[in-house]
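**Q** When you get a sec, could you give me coordinates for this:
(one chain, ligands or ions: 1)
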Amino acid sequence: MPEFRRYLINIDSISTHQLFADCLIIGAGIAGLRAAIEAAEHCNVIIVCKDTLENSNTWKAQGGIASVLDKADTFESHITDTISTGCGMSDEVVVNSVIRQGPELIEQLLRWGTEFDLIDGRIATTLEGGHSHPRIAHAHGDETGRIIAEALIRKVRQNSNIRIIENFFGIDLLTNDNNECVGLIGYDKHRPRGADQIIWAAGTILATGGAGQLYRETTNPEVATGDGIAMAYRAGAILQDLEFMQFHPTTLYIAGASRALITETLRGEGAVLLDSQGRRFMKDYHESAELAPRDIVSRAILAHMLKTNSTHVFLDVRSFDKEHVAKRFPHIFELCESFDIDVSRDLIPVRPSAHYMIGGVKTDASARTSIENLYACGEITSTGLHGANRLGSNSLLEGLVFGKTAGQSVCPQTKASVAHIKHPLIKYQIPHSDRSRLDTADVRNSLRAVMWRNVGITRTAQPLSEAQEIIRFWQRYVMDKVFDSPEGWECQNMLTVSLLMAQAAEQRQESRGVHFRSDFPDTDDENFKKHIEIQK
Ligand SMILES: Cc1cc2nc3c(=O)[nH]c(=O)nc-3n(C[C@H](O)[C@H](O)[C@H](O)COP(=O)(O)OP(=O)(O)OC[C@H]3O[C@@H](n4cnc5c(N)ncnc54)[C@H](O)[C@@H]3O)c2cc1C
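**A** Got it, this is the predicted structure:
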């Protein structure tokens, strides 16, 4: 079966250009960058990313990073909010550890030059849905991700132990006969006409982020195609909770424009949702109205759109002072202006879209995966922090904490240094296939539409099973080919991850957190208070 192929391309390790690192990090968002800084304390590091450093989910993060930074707030309160949002699936040890490390690591970011918004010299905090205390630190208003990333990138660039390679597409993790990870084969666009390259590493950290691009409607940038999850699967790692994809309730809905996120901090600070008749409808669906957890707001919007036969609803910020919006939410203010939406007069058209991948590569508290010498951190992982639903602004926090942990954990592993590690000879030859070629751009678009329709906010058995049938059909014609550019490999990865997600969603015959089955609307603790693990 082509989908069980170990590698996506032919490999002959002897004749492929090679680099060596004690620690290799794949991905340069908050998790990968933070891991690099930590690992570089003890060993040499190569960090690769498939586009430029500016193209990541981290760069796009708006609202902020959650932590207990206010004297009136407590760890217990942040822990309780996280666990209750996780609907019985959070790992309490992980939640405790991440939340208690938050303040120190955020203060460290401040010292490293992150320009958090301050009040009286202290980090200012605001409220978001699901949090019982204002604990969201933000930077330059709604540009928190970019400002944190810039500070981390400055720090990484200053470190002579770290080499950054941009425009390097990771194709597959390399493993030896004992199934230990020994590095990566990728495609370096810098090299003349682009070329395959092997990076041998004593320890490898996967930090490739999420998979929002599997859906037609998404807040995620083009790089979020789930490559790392597919690579880890092919290498034999355990994945878990793939059915849990979080949808963000409010993304700008303008036909033809990309789905830019309208941060929920606006709702935290008083913005309300209106339907096409100008009626505030969230109270019909949940007592916390606009501040209900994201999954509830997303489903309520979808249900209300169906009820009112509309393509979208509206966010109303007209009660806000216009200058305050321009200063506090500069990114959103400019975005709205660019579409001639005057936030002091006009309503903002919004609808939900795929936002955050909760499931992913299973890791333990030390960021170890089930494969020796392979670590993972950030959105690609399933650490147990979020359970079945993610509390807003907890993901930057998770990337920061687990980035540091992965950087620490990889080091004892790399003590021997890569120079002393015996590199295996890897030869892999894929038989030629005579099957017809499909246009991968077309498959990709159609796949995203199927995922949105059949594996979206509300799921049910028949469409889930149809989605798998359609994906398997495409796989027959796409997974048997050998591509020589990122577009083809991305399409293969997207087909792999989409199928696994649809399978997991079909298997979980209950509703919990972000996973809502209209044919099984109740939570079934007896049969499903457990993780769905997947391994090749
Ligand atoms: C619009 C938006 C707003 C958000 N707002 C918030 C918020 O306010 N607060 C919050 O906590 N979270 C927010 N999130 C979620 C949060 O930004 C992400 O979960 C987090 O930044 C993920 O960090 P990461 O380091 O794991 O991955 P990313 O930041 O996505 O980085 C992934 C890296 O992996 C690289 N990569 C991917 N595939 C490959 C490959 N094949 N080869 C080589 N490199 C590869 C990419 O190039 C990139 O460098 C938001 C997300 C979005 C999209």
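**Q** going forward, measure contacts between C-alpha atoms and count neighbours the same way
**A** Fine.
**Q** Dead centre of the protein: give me the residue that sits there.
**A** Nearest to the mean C-alpha position of the chain, counting by Cα atoms, centre = their mean, stands residue 210 at 2.7 Å.
**Q** quick one: strands adjacent to the strand ranked longest in the chain?
**A** Using DSSP state E to define each element, the chain has its longest strand at strand 195-206. Strand 195-206 pairs in its sheet with strand 17-26 (parallel), strand 181-188 (antiparallel), strand 374-376 (parallel), by DSSP bridges.
**Q** what is the mean pLDDT for the helix or strand following that strand?
**A** Per DSSP states H and E, the first helix or strand lying C-terminal to strand 195-206 is helix 227-235. Mean per-residue pLDDT for helix 227-235: 98.
**Q** Report all helices and strands that helix 227-235 contacts.
**A** strand 168-175, strand 360-362, helix 486-507 (3 or more Cα pairs under 8 Å, 6 or more residues apart in numbering; DSSP states H and E).
**Q** ok, residue 56 touching residue 219?
**A** No: with contacts counted by Cα atoms under 8 Å, residue 56 stays clear of residue 219, the gap being 11.3 Å.
**Q** could you check whether stretch 149-165 is close to the ligand?
**A** No: Stretch 149-165 does not reach the ligand (Cα under 6 Å from any ligand atom); its nearest approach is 8.6 Å.
**Q** and stretch 6-26, C-alpha only, in CSV?
**A** Taking Å, rounded to 0.1, in the frame of the first residue of the first chain, the C-alpha atoms of stretch 6-26 are listed here in CSV:
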residue,chain,number,x,y,z
ARG,A,6,8.6,4.7,4.8
TYR,A,7,10.1,7.6,2.9
LEU,A,8,8.6,10.0,0.3
ILE,A,9,11.7,10.1,-1.9
ASN,A,10,14.5,7.8,-3.1
ILE,A,11,17.5,8.0,-0.8
ASP,A,12,21.1,7.2,-1.2
SER,A,13,22.9,8.6,1.8
ILE,A,14,26.3,8.2,0.3
SER,A,15,25.8,10.4,-2.7
THR,A,16,23.6,13.1,-0.9
HIS,A,17,25.1,16.3,0.4
GLN,A,18,25.5,16.1,4.2
LEU,A,19,25.6,18.4,7.2
PHE,A,20,26.2,17.5,10.9
ALA,A,21,24.7,18.9,14.1
ASP,A,22,24.6,17.8,17.7
CYS,A,23,21.0,19.0,17.8
LEU,A,24,18.8,19.6,14.8
ILE,A,25,15.6,21.6,15.2
ILE,A,26,12.9,21.4,12.5
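**Q** List the buried residues of that stretch.
**A** 6-9, 11, 13, 20-26 (16 or more other Cα atoms under 10 Å).
**Q** May I see those residues arranged in JSON lines, with pLDDT and distance to residue 274 as well?
**A** As requested, the buried residues of stretch 6-26 are exported to JSON lines (pLDDT from 0 to 100; distance: Cα to Cα, whole Å):
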{"residue": "6", "pLDDT": "95", "distance to residue 274": "50"}
{"residue": "7", "pLDDT": "97", "distance to residue 274": "50"}
{"residue": "8", "pLDDT": "97", "distance to residue 274": "48"}
{"residue": "9", "pLDDT": "96", "distance to residue 274": "51"}
{"residue": "11", "pLDDT": "95", "distance to residue 274": "56"}
{"residue": "13", "pLDDT": "93", "distance to residue 274": "59"}
{"residue": "20", "pLDDT": "95", "distance to residue 274": "56"}
{"residue": "21", "pLDDT": "95", "distance to residue 274": "54"}
{"residue": "22", "pLDDT": "95", "distance to residue 274": "54"}
{"residue": "23", "pLDDT": "97", "distance to residue 274": "51"}
{"residue": "24", "pLDDT": "98", "distance to residue 274": "48"}
{"residue": "25", "pLDDT": "98", "distance to residue 274": "44"}
{"residue": "26", "pLDDT": "98", "distance to residue 274": "42"}
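**Q** List just the nearest of these to residue 107.
**A** residue 25 (24.3 Å; Cα to Cα).
**Q** where in the stretch 401-536 of the chain is pLDDT low?
**A** Low-confidence segments of the stretch 401-536 of the chain, defined by pLDDT under 70, are located at 412-421.
**Q** any chance you could map the helices in the stretch 201-350 of the chain?
**A** Here the stretch 201-350 of the chain has its helices, by DSSP state H, counting those that start in this stretch, at 227-235, 265-268, 294-307, 322-328, 330-338.
**Q** Assign a three-state SS to the nearest residue to residue 131 once chain neighbours are set aside, would you?
**A** Spatial nearest neighbour of residue 131, chain neighbours left out: residue 81 (6.0 Å); criterion: Cα to Cα, 6 or more residues apart in numbering. Counting by DSSP: H, G, I helix; E, B strand; the rest coil, the backbone at residue 81 sits in helix.
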